[in-house]
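Q: Sequence first, then the predicted structure, then my questions.
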Amino acid sequence: MKKATLPIIVFVTAFIICYICICFLIPGFRIKLAAEPMEYFIESLKHMAMIKSIISIFIAIIAGVLTRIIGNRQK
């Protein structure tokens, strides 16, 4: 059970970081909205959510698999 926890933690962390970076760093995915900061944040997360999720899942899977491969090589 302990073997699987690190890749899962890396997967979840990579997904969250990647999704938020896509929301705010890539110009094509940013929104233009004059609103309160929390409303802007929530709307940024909702805007084009399916595409951002697919990209983030792909990158997070790669990070999780690499973590698993590196962990297996160290044994």
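A: Okay, I see it.
Q: how far away is Lys52 from Gly64?
A: Distance, Lys52 to Gly64, using CB to CB, to the nearest Å: 18 Å. All C-beta atoms are positioned from the backbone trio N, CA, C, and that covers glycine.
Q: and what of Ala14?
A: 7 Å.
Q: So which bits of stretch 7-15 are buried?
A: Buried residues in stretch 7-15, defined by neighbour count with 16 or more other CB atoms under 10 Å: Pro7, Val10, Phe11, Ala14, Phe15.
Q: Need the contact partners of that stretch.
A: Ser56, Ile57, Ile59, Ala60, Ile61, Ala63, Gly64, Val65, Thr67, Arg68, Gly71 (CB atoms under 8 Å, 6 or more residues apart in numbering).
Q: Name the residue closest to the centre of the chain, please.
A: Phe15 (2.3 Å; CA atoms, centre = their mean).
Q: Let's verify it: helix, strand, or coil?
A: helix (DSSP: H, G, I helix; E, B strand; the rest coil).
Q: That one and Arg73, how far apart?
A: In terms of CB to CB, Phe15 sits 24 Å off from Arg73.
Q: before we move on, what about Ile8?
A: Taken as CB to CB, the span from Ile8 to Arg73 is 19 Å.
Q: And Met48, by the same measure?
A: Met48 is 37 Å from Arg73, by CB to CB.
Q: Number of residues surrounding Cys18?
A: Counted with other CB atoms under 10 Å, the burial measure for Cys18 works out to 19 neighbours.
Q: I figured it hits Ser56, correct?
A: Yes - under the criterion of CB atoms under 8 Å, Cys18 makes contact with Ser56 at 4.2 Å.
Q: Many thanks, I have nothing further to ask.
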